[in-house]
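> I'll drop the sequence and a predicted model, then ask my questions.
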Protein chains: 2
Amino acid sequence: MLTIVVDAMGGDHAPACVIEGAVQALQESNNRFNIILIGQSDKVEPLLAAHNCNELNLTFIHASEVVTMDDTPATAVKTKQDSSLVKGLQLCKAKKADAYVSAGNTGAQMAASLFVLGRLPGVLRPTIYAYFPRLGEGLTNIVDVGANVDCKPEHLVQFAEMLTIYQRYGAGIEKPVTGLLNIGEEEGKGTDVLKQTYTLLKEADKQERITFLGNIEGHDILKGNASIVVCDGLVGNTILKFGESIPGFLGTLFKQSLEKMVISGQMSNDVAALTTGMFKSMFEPFDVEKFGGVPFLGVDGISIVGHGRSSSRAIKNMIYMAEHMIEKRVNQHIAEVLSEQ
Amino acid sequence: MLTIVVDAMGGDHAPACVIEGAVQALQESNNRFNIILIGQSDKVEPLLAAHNCNELNLTFIHASEVVTMDDTPATAVKTKQDSSLVKGLQLCKAKKADAYVSAGNTGAQMAASLFVLGRLPGVLRPTIYAYFPRLGEGLTNIVDVGANVDCKPEHLVQFAEMLTIYQRYGAGIEKPVTGLLNIGEEEGKGTDVLKQTYTLLKEADKQERITFLGNIEGHDILKGNASIVVCDGLVGNTILKFGESIPGFLGTLFKQSLEKMVISGQMSNDVAALTTGMFKSMFEPFDVEKFGGVPFLGVDGISIVGHGRSSSRAIKNMIYMAEHMIEKRVNQHIAEVLSEQ
């Protein structure tokens, strides 16, 4: 049975939401795995007591320190050895657990995962991706979304390769398609790094390590002609955060328009309620909580990171994501492919 | 009286839309300026004949060549000397016209503007910005959006300065506020270029050349806490094109949701029509055609560039933008401030 460490201290709504998510995962899955909750006992144990955990495969481990959102990655790793983050990952390293799940400080988790777990053989730099909505079936992943702000061409190519493996084995996409995010479609566009990356991606395509569509532009992301969008972490992080702000921005515009219609008598309250329901359902493709979080690709172990504002549902789905990564042997496939180059 | 050269061959709907836009500008403004339409006579003259131009300050000049969307900037400038682009800008250089307006190939127009008109004193690199919607009053400009994919810190700082001057004198914003687009808010985030830019922007703020808010992130763009968002052309171009794709993407989701509601009988056709009208009005803040196009900032002259898909209304508003840039003496202010550094 798999053992998954869940960081009780990670996330805006921790520890309450995290505990709920862990309990839900065990209840829903009929105790399919062991969960170790890790965190400060004075914060976690009173909340745990409120749940009926006797019949669940749930244990608790105390960690005296907490990595906050303000800690730099270096501080977190070097000075907070008794944090849920470092201690949790060490359980994985010592093979006492199979995966670590947290909605805490992403940068710190990346650094600690790299430091404690190390890299998979052949991997130059671990990376982190995000999910984007698209028209039609399937999914789009953007990589990198902030772990690597300055990328060399060989890093970007490995991101494409790791995502290809993840999508093929982890997401069941038969033929993942990679697009290189650039300012124009034509070969030869963009910075020197992008030009060199283009050449290397074409080569990787020839060797059938990936399927390369060519350069794509900002307006292609939502179209979904590429299932993997490759860019450096500066571009990816900006697009990700910009994208996340859209539902809220449009929600405000929607409310303003709706109020005008209702006040002017053009729309009844009933119709307004109906329209509001429809508007909300429109944004279902933007629901990334169904994935919960994402794994750091390239580290030698399973470390799943979630959004700071993760709900209990997101935490639950992150636990399933950890299980999925292990079952689908994504890391083994990555090591196999990248170490032979 | 001002003389504005309008590129009859530029844009997806050229020359018809361009001619209409020029005619509309003159009719609406009571012949407030002279317009020189420039393009291939066999394409333009038959269409011009269909308009009643006798009473308009409209003249036509033949240019035998056309710069297409596929031409590289270098090809366009070097080999198409008799194009509407090069010839039109040469009229400005020779002081036979005060401004050049086009919805054609942006890269070629940038290169030709720089080549024919030159830079304003003190300007390291001309730039191009875009308009973004925001909550509440005012406007947000993102700079650079593709003219400069690789930027040094001193370029980015000048972009902020030029936009500050443009917003102050050209857009009547008393205190333009600059944000540096980065992966986190804290000082010290991002690439070396961004770290150095942060330091230089802080200095420019101390010297009261700009007002610097600090680092901002992707989700701050639509919030509008900064009226000027500074980034390199790779990030800016991607965000711009991604942003432009959102109304279409959501329009598709909207139609799908609406159809479901109507087919399932939850919504009558009347209510569906009402809701559709409301949805469309929601996207008014995304209407960038009210600005028509943007000037290249930093070139020694007025060269306004519009979106390839510009309508006649956009062309008309680009002509007004040209007039506005001249009246507000934006270039003189830029030269004054940047040449003294």
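Received, thanks.
> residue closest to the middle of chain A?
residue A:294 (2.5 Å; Cα atoms, centre = their mean).
> so what sits opposite that one in the bridge?
residue A:305 (DSSP bridges).
> wait, it touches residue A:130, no?
Yes: using Cβ atoms under 8 Å, residue A:294 is in contact with residue A:130, at 6.7 Å. For glycine as for every other residue, the C-beta is placed from the backbone atoms N, C-alpha and C.
> wait, a helix at residue A:68?
No: Residue A:68 sits outside any helix when classified using DSSP: H, G, I helix; E, B strand; the rest coil, being coil.
> wait, what's in contact with it?
The contact partners of residue A:68, by Cβ atoms under 8 Å, 6 or more residues apart in numbering or on different chains, come to residue A:105.
> tell me which stretches of the stretch 201-341 of chain A form helices.
Here the stretch 201-341 of chain A has its helices, by DSSP state H, counting those that start in this stretch, at A:233-263, A:269-282, A:312-327, A:330-339.
> run through who's touching the third one.
So the one you mean is helix A:312-327. Residues contacting helix A:312-327 (Cβ under 8 Å, 6+ apart): A:2, A:4, A:6, A:11, A:17-18, A:20-22, A:24-25, A:28-29, A:32-33, A:35, A:98-101, A:103, A:170, A:289-295, A:302, A:304, A:306-307, A:310, A:331.
> number of residues surrounding residue A:333?
18 (other Cβ atoms under 10 Å in any protein chain shown).
> please report the distance of it from chain B.
29 Å (Cβ to the nearest Cβ, to the nearest Å).
> residues contacting the nearest residue to that residue once chain neighbours are set aside?
Leaving aside its sequence neighbours, residue A:333 sits nearest to residue A:165 (Cβ to Cβ, 6 or more residues apart in numbering or on different chains; 4.8 Å). Counting by Cβ under 8 Å, 6+ apart, residue A:165 touches A:330, A:333, A:334, A:337.
> just the C-alphas of the worst-scoring helix or strand of chain A on mean pLDDT, formatted as PDB.
When the helices and strands of chain A are scored by mean pLDDT, DSSP states H and E, helix A:73-79 comes last with a mean of 89. The C-alpha atoms that make up helix A:73-79 are tabulated as PDB, following Å, rounded to 0.1, in the frame of the first residue of the first chain:
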ATOM      1  CA  PRO A  73      13.700  28.800  -0.900                       C
ATOM      2  CA  ALA A  74      17.300  28.900   0.500                       C
ATOM      3  CA  THR A  75      16.100  29.900   4.000                       C
ATOM      4  CA  ALA A  76      13.500  27.300   4.000                       C
ATOM      5  CA  VAL A  77      15.800  24.400   3.100                       C
ATOM      6  CA  LYS A  78      18.800  25.500   5.100                       C
ATOM      7  CA  THR A  79      17.400  26.800   8.300                       C
END
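> and the strands in chain A?
A:3-7, A:34-39, A:58-62, A:99-102, A:129-132, A:140-143, A:177-181, A:211-216, A:228-230, A:293-295, A:303-306 (DSSP state E).
> and of the ones you listed, who's closest to residue B:110?
Residue B:110 lies closest to strand A:211-216 among those, at 19.3 Å (Cβ to Cβ).
> centre of the chain to that closest one, how far?
Relative to its chain's centre, strand A:211-216 lies at 23 Å (Cα atoms, centre = their mean, to the nearest Å).
> which strands or helices does it pack on?
Where contact means 3 or more Cβ pairs under 8 Å, 6 or more residues apart in numbering or on different chains; DSSP states H and E, strand A:211-216 is packed against strand A:177-181, helix A:192-206.
> most tightly packed of the ones you listed?
Most buried of those, by mean neighbour count (mean count of other Cβ atoms under 10 Å in any protein chain shown): strand A:177-181, with a mean of 26.
> give me the distance between residue A:305 and chain B.
For residue A:305 relative to chain B (Cβ to the nearest Cβ), the value is 15 Å.
> next one: the residue nearest to the centre of chain A from residue B:297, what distance?
39 Å (Cβ to Cβ, to the nearest Å).
> now do the domain split for chain A, please.
A:3-126+A:296-329, A:127-290 (automatic domain parsing).
> could I get the ones you listed as JSON lines with distance to residue B:159?
Shown next, in JSON lines, are these (distance: least, Cβ to Cβ, whole Å):
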{"stretch": "domain A:3-126+A:296-329", "distance to residue B:159": "28"}
{"stretch": "domain A:127-290", "distance to residue B:159": "16"}
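> torsion angles phi and psi at residue A:81?
The phi/psi pair for residue A:81 (degrees, to the nearest 10) reads phi -70, psi -20.
> contacts only, for residue A:151.
By Cβ under 8 Å, 6+ apart, the contact set of residue A:151 is A:125, A:144, A:159, A:193, A:232, A:233.
> residue A:144 against residue A:128, yeah?
Yes: with contact defined as Cβ under 8 Å, residue A:144 and residue A:128 form a contacting pair (6.3 Å).
> find residues that contact each of these two.
In contact with both residue A:144 and residue A:128: no residue, using Cβ under 8 Å, 6+ apart.
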